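*Asks:* Mind looking at a prediction? Sequence and model below.
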Amino acid sequence: MHDIQLKIQELEKKHQWQQIIDLLKPLVQQGEISVYILRALGFAYSQLDRYNEARYCYKQWIELEPHRAQPYYHVGFTFYDAGQWNEAVEWFEQALERFPDYMVCLYRKGVALFMAGKNRKAKEDLKKAIVVYQNADDVEFKRRLSKYYYRSIFYLGKCYLQIRFYKNARACFEKILAEDRRAYIDDLYVKYNLALSLMHLKEFARAEQIVAELTRLKPRAEWLYDFWGRLLVKQQRYVEAIEKLELALKIRVQPYILIDRARAHFLIGKTQLAKADLNEALRRDRKGKHKILLELAKIALQEKQFAQAMSYARRAIEFKQRIYEADYAEAHLLLSDIYRATGENQKAQQEFQIAQELCPDLAWEDDLLLKTRIIL
């Protein structure tokens, strides 16, 4: 066994995962099973995205050590790595039942919940991960897991952004910039999220200073110019905003940039230009049509074209259900507004209830195209 361990360690350093499989799989088939072999074989399979085979190994590991958290975590990680967030959370929870202070597991569970749109629950697990790290006395533990500490803070900040706790979000990103000397998270993304927090807090000058700095560092990053445009729209500097958005479009034509330019056009009364941008975005987009249809529905509602608004909103829901197998809270909320505008208050309440059940954290104050909840 010692010789096998040395060989595996050598192959792992070289990322020779198939060679590890070729070495260990016959041993397992012959009945030579141990925790070390199952863990190493499962890890090799997972590195090649062969998740079902990895899970088989890890579940055999669970049979040998059902009391340990680690094999449950590893099964969860295969789902996490595949982007199957709900399944990942289920297995991480089983790991945490056995070891509540499993910091990396708390971090991964928090990220999985965040990716699944469950921001308030994600926030709690990320905070627990941070507390576990801060309370640890073991210097080696802190050295080894410091990257997960700062990543936990980063995703906690992103959760705070989603639930509109903008001061808390700003504090998270400022803490990373002040303390993360090894740059476990690229400063570009930390500063961008900090600027986003500042925008919501109406600290426009500082936010603009940051985005100007970032665009100097990344002059071909169209998404930074897009953000700059949105920042200028927030300040009602619409002409300048359109200039920045057009710079972004010169670098790369992206549907989300067209949507943001449509919003700016709409706010200065150029409705036809707004519709043209949205229809072009609709033509180009493949996976985000529901968002574009929703923007078209908002314009139709503003123009009191209620039947058209309702058609766009229902198409948005149908598209998201078909492509993502998920309902669309924002579209149900807009349907609530449409029904309210047409005097159908019972239907309006039903749609509002659906939206609230699907997503309690809808951030409608950030809607720059149409503040329907105020206008109607």
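*Replies:* Thanks, I have it.

*Asks:* can you give me phi and psi for Ala281?
*Replies:* Here is the backbone geometry of Ala281 (degrees, to the nearest 10): phi -60, psi -40.

*Asks:* go on, the one 4 residues further on?
*Replies:* Here the main-chain torsion angles of Asp285 (degrees, to the nearest 10) amount to phi -80, psi 150.

*Asks:* unless I'm mixing things up, it is touching Ile292, no?
*Replies:* Yes - between Asp285 and Ile292 there is a contact at 6.1 Å, judged by CB atoms under 8 Å. For every residue, glycine as well, the C-beta is placed using N, CA and C.

*Asks:* residues bridging contact with the two, i.e. touching both?
*Replies:* Contact with both Asp285 and Ile292 is made by residues Pro255, according to CB atoms under 8 Å, 6 or more residues apart in numbering.

*Asks:* The two: who's more crowded?
*Replies:* Applying other CB atoms under 10 Å to Asp285 and Ile292 shows that Ile292 carries more neighbours, namely 26 against 18.

*Asks:* Could you measure from Phe306 over to Leu231?
*Replies:* Here Phe306 is placed at a distance of 33 Å from Leu231 (CB to CB, to the nearest Å).

*Asks:* So for these two, which residue has more residues nearby?
*Replies:* Remark: of Phe306 and Leu231, Leu231 carries more neighbours, 22 against 15, as counted by other CB under 10 Å.

*Asks:* How many residues are close by the closest residue in space to the more buried one that isn't next to it in sequence?
*Replies:* Spatial nearest neighbour of Leu231, chain neighbours left out: Met199 (5.3 Å); criterion: CB to CB, 6 or more residues apart in numbering. Residues contacting Met199 under the criterion other CB under 10 Å number 23.

*Asks:* Please identify which helix or strand holds Met199.
*Replies:* helix 187-200 (DSSP states H and E).

*Asks:* Remind me what that helix packs against, helices and strands.
*Replies:* helix 139-162, helix 166-179, helix 204-217, helix 222-234 (3 or more CB pairs under 8 Å, 6 or more residues apart in numbering; DSSP states H and E).

*Asks:* which residues does the residue nearest to Leu231 contact?
*Replies:* Contacts of Met199 by CB under 8 Å, 6+ apart are 207, 230-231, 234.

*Asks:* again, only using 10 Å
*Replies:* 166, 206-208, 210-211, 227, 230-231, 233-235, 366 (CB atoms under 10 Å, 6 or more residues apart in numbering).

*Asks:* May I see the buried residues of stretch 90-102?
*Replies:* With burial defined by 16 or more other CB atoms under 10 Å, the residues of stretch 90-102 counted as buried are 90-92, 94-96, 98-99, 102.

*Asks:* Farthest pair within those?
*Replies:* Pairwise distances across these (CB to CB) peak at 16.2 Å, for the pair Glu90 and Phe99.

*Asks:* For Leu258, give its distance to Tyr225.
*Replies:* Distance from Leu258 to Tyr225, by CB to CB: 13 Å.

*Asks:* Give the residues shared as contacts by those two.
*Replies:* What both Leu258 and Tyr225 touch, as defined by CB under 10 Å, 6+ apart, is the set 245, 248-249.

*Asks:* pretty sure Lys121 is touching Cys159, no?
*Replies:* Yes - using CB atoms under 10 Å, Lys121 is in contact with Cys159, at 9.2 Å.

*Asks:* who touches the spatially closest residue to Ala169 that is not a sequence neighbour in this structure?
*Replies:* Setting aside the residues directly before and after it, Ala169 is nearest to Tyr160 in space (CB to CB, 6+ apart), at 3.7 Å. Counting by CB under 10 Å, 6+ apart, Tyr160 touches 119, 123, 126, 166-173, 193, 197.

*Asks:* ok so, going back, could I get the helices and strands packed on helix 187-200 in CSV, plus columns for distance to Lys109?
*Replies:* Shown next, in CSV, are these (distance: least, CB to CB, whole Å):
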stretch, distance to Lys109
helix 139-162, 11
helix 166-179, 18
helix 204-217, 31
helix 222-234, 28
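
*Asks:* right, so of these, which gets closest to His332?
*Replies:* helix 139-162 (18.4 Å).
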